[in-house]
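*Asks:* My questions are about this predicted structure, shown below with the sequence.
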Amino acid sequence: MHIEGTTSRGFEPVRDAFARNFAEHGELGAAVAVYRRGRCVVDFWGGVADRESGRPWRRDTLGIVFSATKGVTATVVHRLAERGVLALDAPVAAYWPEFAAAGKQAITLRDVLTHRAGLAAVEGALTLDEVLGWHAVCAAIARQAPDPATRARHGYHVRSYGWILGEVVRRATGRTLGRVLAEEIAAPLGLAFWVGLPEAHEPRVATLYAAPEPSDPRERALRDRLLGPDTLLGRALAGPSNLFQYGPMWNTRALRAAELPSSNGIGDARSLAKLYAATIGEVGGVRVVGPAAIAEAAREHVSGSDAVIFVPTRFGLGYMLPPTLSPACPEGAFGHPGAGGSLGFADPAHEIGFGYVMNQMQLGMTGDARAGSLVAALYESIAAGA
């Protein structure tokens, strides 16, 4: 496999791990980047962006990062809160009055960021066009009552997280979350990252390939039992109205153009790493969130058994924390993984911003082996004096 890109001296183990992912872990096309102390020290890409045509993964190839988008969305929210546009302990209904219906008047932005709003699954019959059009799905969320079980303890809000926070941002600023991201973070930093992809960048996007079916019948049976349409996890993942399955629909212009601030961020690994680097220090003279705000966002706010995904999870304010973030990440890191393997995070202690983007999804409940190997190689490099 031909790998392109550059690395600073001492970070060669990351390149070796990246190459092994193609040889040993079923990688198809991918990119990895690392910023340290505000400077890009790792920037590699390789493989194919489209299997059918053989289109190579190039330096400017973009990939969908699924829930790694949630960390980007959290960063937008914290930037606005630091400026006084939002207050994290204010009720959502202070910005979005209709949200107070059905007993939700006390739910705060902090509850949403920590997955304690009790709204993991969006109820109601909606068409895909209605959901992608934004307003209908927000109206459905505003009408529904919170689930007492996931209100009492945290439960991962797979998609509703993005609609709730996105609507709050829209009401408070008069701009969509994707537009705030573009104007206040992406433009100053020079990022190639969007929530709501402009059509001009469509040719750069890698084709997404769903994870292979498990070969073990017992694994398939367990998956079907956990993700069935009658389970909360199944409804949260595929909802609303069972519209969202990981597969070809994510390769459509309609999905890429819409704003799903929990799910459809599209960008390159370099931009993901650079954004996280700019949460913990200056990059090119730009810092997107101040030290006090990011320290509060990155500390543990909830942990323990997750009421939706049935495994222990650990969150700051909108960011996942180790080991949920990635078993290879050290204590103090914060960020978010995405379905199928993508990962972005910051590590203040080591002054690291990390990004990994790929197009071949893989399944796993204990973190992606490809991302994990890259993170392990990064810290191996640091331990050796890089």
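*Replies:* Great, that's in hand.

*Asks:* Looking at this structure, which strand is longest?
*Replies:* For the chain, the strand with the greatest residue count under DSSP state E is strand 39-50.

*Asks:* what are the pairing partners of that one, and which direction each?
*Replies:* Within its sheet, strand 39-50 is paired with strand 3-7 (antiparallel), strand 29-36 (antiparallel), strand 55-56 (antiparallel), according to DSSP bridges.

*Asks:* what's the burial count for the nearest residue to residue 247 once chain neighbours are set aside?
*Replies:* Using CB to CB, 6 or more residues apart in numbering and skipping residues adjacent in sequence, the residue nearest residue 247 is residue 210, 4.7 Å away. Bear in mind the C-beta positions are built from the backbone N, C-alpha and C, glycine included. Residue 210 is flanked by 15 other residues according to other CB atoms under 10 Å.

*Asks:* what does residue 304 give?
*Replies:* Using other CB under 10 Å, residue 304 is surrounded by 10 other residues.

*Asks:* any idea which helix or strand carries the closest residue to residue 147 other than its chain neighbours?
*Replies:* Spatial nearest neighbour of residue 147, excluding adjacent residues (CB to CB, 6+ apart): residue 118 at 4.6 Å. Under DSSP states H and E, no helix or strand contains residue 118.

*Asks:* State the distance from residue 118 to residue 305.
*Replies:* The gap separating residue 118 from residue 305 is 16 Å, by CB to CB, to the nearest Å.

*Asks:* need the contact list for the closest residue to residue 41 other than its chain neighbours.
*Replies:* Nearest residue to residue 41 in three dimensions, chain neighbours excluded: residue 8, at 4.0 Å (CB to CB, 6+ apart). Contacts for residue 8 (CB atoms under 8 Å, 6 or more residues apart in numbering) come out as 39, 41, 42, 386.

*Asks:* Residue 296 too?
*Replies:* residue 317.

*Asks:* From residue 86, how far off is it?
*Replies:* The gap separating residue 296 from residue 86 is 14 Å, by CB to CB.

*Asks:* now swap in residue 68 and tell me
*Replies:* 22 Å.

*Asks:* now residue 272
*Replies:* Counting by CB to CB, the gap from residue 272 to residue 86 is 23 Å.

*Asks:* Counting neighbours, go ahead and name the busier of those two.
*Replies:* residue 272 (36 against 21).

*Asks:* can you pull up the bridge partners for the residue lying closest to the more buried one once chain neighbours are set aside?
*Replies:* Closest residue to residue 272 apart from its sequence neighbours, by CB to CB, 6+ apart: residue 355 at 3.0 Å. Beta-bridge pairing for residue 355 (DSSP bridges): residue 33, residue 344.

*Asks:* what sits against residue 355?
*Replies:* Taking CB under 8 Å, 6+ apart, we find residue 355 in contact with 31-34, 268-276, 343-344.

*Asks:* That one and residue 71, how far apart?
*Replies:* Applying CB to CB, the value for residue 355 to residue 71 is 10 Å.

*Asks:* what sits up against the strand or helix carrying residue 110?
*Replies:* In the assignment (DSSP H and E), residue 110 maps to helix 109-113. Residues outside helix 109-113 that contact it (CB under 8 Å, 6+ apart): 74, 77, 81, 86-90, 92, 117, 157, 161, 164-165, 168, 301, 315, 317-318.

*Asks:* Now with 7 Å, please.
*Replies:* Residues from elsewhere that reach helix 109-113, judged by CB atoms under 7 Å, 6 or more residues apart in numbering: 74, 77, 86, 88-90, 92, 117, 161, 164-165, 168, 317-318.

*Asks:* With only the CA atoms kept, save it in CSV.
*Replies:* Extracted in CSV, the C-alpha atoms of helix 109-113 (Å, rounded to 0.1, in the frame of the first residue of the first chain):
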residue,chain,number,x,y,z
LEU,A,109,-28.1,22.5,27.9
ARG,A,110,-25.8,20.8,30.4
ASP,A,111,-28.3,17.9,30.5
VAL,A,112,-28.2,17.6,26.7
LEU,A,113,-24.4,17.7,26.6
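
*Asks:* Show me what secondary structure element comes after it.
*Replies:* helix 128-132.

*Asks:* one step back: please indicate which of the contacts of residue 8 are buried?
*Replies:* 41, 42, 386 (16 or more other CB atoms under 10 Å).

*Asks:* and which of those is nearest to residue 262?
*Replies:* Lowest distance from residue 262 to the buried ones among the contacts of residue 8 (CB to CB) belongs to residue 42, with 27.6 Å.

*Asks:* circling back: I'd guessed the residue nearest to residue 147 sits against residue 146; true?
*Replies:* Yes. Here residue 118 lies in contact with residue 146, judged by CB atoms under 7 Å, at a distance of 3.1 Å.

*Asks:* of these two, who's got more company?
*Replies:* Between residue 118 and residue 146, counted using other CB under 10 Å, the more crowded position is residue 118 (24 against 19).

*Asks:* how near is that one to residue 154?
*Replies:* Residue 118 is 10 Å from residue 154, where distance means CB to CB.

*Asks:* do residue 202 as well
*Replies:* Applying CB to CB to residue 202 and residue 154 gives a distance of 37 Å.
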